[in-house]
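Visitor: Got a predicted structure plus its sequence, pasted below:
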Amino acid sequence: MLNRRQFLTGFGQTLLSTQFSPITANANGALLKPPRLKPGDTVGLVTPASPVKKSYLKLIQSQLARQQLNLKVAPHAFDEYGYLAGVDQNRAADIHRFFADTSVQALVATGGGWGSSRILPLLDYDLIRRNPKIVLGYSDITALLLGIYSRSGVVTFHGLLGTSIWNPFSVGYLKRLLFEGEAITFQNSAEVRVETITSGQARGRLLGGNLSVISTLVGSLYLPDWNQAILFVEDTGEDVYRVDRMLTHLKLAGILQQLSGFIFGQCTRCLDEEDDSPTLSLWQVLSDHIRPLGIPAWYGSMIGHIPNQFTVPQGVEVEIDASLGRIKMLETAVI
């Protein structure tokens, strides 16, 4: 007969395994890759997070038109509810609408901010699994990208928002990945320096996004299995001690120890404290947390809140070289 401690321990392990086990594949155990884009396709515009002014619509339309893409705007794309783009139920309904709409081939988020996490429990992941489509965005949209990947097994894409400036560099990578279906090797432009934390090569599933968002999702149903994954993170406007706090959170949760590789993209406007208090540099924080893991790792990949950025897939197998700051896709991300 089990004593109270044995019962509670066993019950707790069972509860965690049943409630917090990520779903990263379909019923056949295969990753679900969405169909690639082609000229003439229609993109659905959604706003899962903070409100975006309707005055941005002309910019978004013109940028997509230059890629020969049509635009369909979700009914609630320009709603406002305080600091959210409408109430949670309507933001979720817009996503459902476009996954069910056979005339829409991809979903693009207008912008980030805050709010994507609030709609994760409202999403119909069976609907998404039955209709895999490209979902594109970054920043707060990280929650949507990882939630969909984790609960449905559909590959999602960390890249341009509708309100981003779709410049030639960023669009070039987006088109190679999403239109041409290329297995890309991502390597920084010569003028953007890579700082190696720990040299070496590694393989694994590429997963990640905004560090602040990932940190807040720890312990939820909406993060993937990190075993032997390559984690990429980026952030903006965070003091160094906050980056330290978030990486400490990932370490205490046992996530960092599971990884086969680590990439810190760009930390835009991540400054030390402006007063005279003692502080650490971002490099010291990364060295403290990542170097002891003994896995290939570097800082400075062109991922994040920057004008020239890669579009990278969530969940595909990659090979990294930390000395070169190189990410080589070992499979395509679309079909």
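Guide: Ah, there it is. Numbers count the residues shown, from 1 in each chain.
Visitor: for the chain, what spans make up the strands?
Guide: Taking DSSP state E as the test, the strands found in the chain are 42-46, 70-73, 106-109, 134-137, 156-158, 185-187, 195-198, 201-210, 230-236, 261-268, 297-299, 312-314, 317-321, 326-329.
Visitor: for the last one, what is the average pLDDT?
Guide: Model confidence over strand 326-329, given as mean pLDDT, is 98.
Visitor: Now do it: everything it contacts.
Guide: Outside strand 326-329, the residues that touch it by Cβ atoms under 8 Å, 6 or more residues apart in numbering are 183-187, 206, 230, 263, 301, 312-313, 316-321. In short, each C-beta sits where N, CA and C put it, glycine included.
Visitor: just the buried members of those residues?
Guide: 183-184, 186-187, 206, 230, 263, 301, 312-313, 316, 318-321 (16 or more other Cβ atoms under 10 Å).
Visitor: re earlier: JSON lines for the strands of the chain, including distance to Asp88?
Guide: Below are the strands of the chain laid out as JSON lines (distance: least, Cβ to Cβ, whole Å):
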{"stretch": "strand 42-46", "distance to Asp88": "13"}
{"stretch": "strand 70-73", "distance to Asp88": "19"}
{"stretch": "strand 106-109", "distance to Asp88": "15"}
{"stretch": "strand 134-137", "distance to Asp88": "17"}
{"stretch": "strand 156-158", "distance to Asp88": "20"}
{"stretch": "strand 185-187", "distance to Asp88": "34"}
{"stretch": "strand 195-198", "distance to Asp88": "39"}
{"stretch": "strand 201-210", "distance to Asp88": "20"}
{"stretch": "strand 230-236", "distance to Asp88": "24"}
{"stretch": "strand 261-268", "distance to Asp88": "28"}
{"stretch": "strand 297-299", "distance to Asp88": "36"}
{"stretch": "strand 312-314", "distance to Asp88": "23"}
{"stretch": "strand 317-321", "distance to Asp88": "34"}
{"stretch": "strand 326-329", "distance to Asp88": "34"}
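Visitor: out of those, nearest to Leu178?
Guide: Closest approach to Leu178 among the strands of the chain is made by strand 134-137 (6.0 Å; Cβ to Cβ).
Visitor: The closest one pairs with which strands?
Guide: Taking DSSP bridges as the criterion, strand 134-137 pairs within the sheet with strand 106-109 (parallel), strand 156-158 (parallel).
Visitor: want to throw these into a markdown table with distance to Ser50, mean pLDDT and mean neighbour count?
Guide: Putting these into a markdown table (distance: least, Cβ to Cβ, whole Å; pLDDT from 0 to 100; neighbours: other Cβ atoms under 10 Å) gives the following:
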| stretch | distance to Ser50 | mean pLDDT | mean neighbour count |
| --- | --- | --- | --- |
| strand 106-109 | 10 | 98 | 26 |
| strand 156-158 | 18 | 98 | 27 |
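Visitor: Turn those into CSV, columns for distance to Trp283.
Guide: CSV is the format used below for the strands paired with strand 134-137 (distance: least, Cβ to Cβ, whole Å):
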stretch, distance to Trp283
strand 106-109, 31
strand 156-158, 24
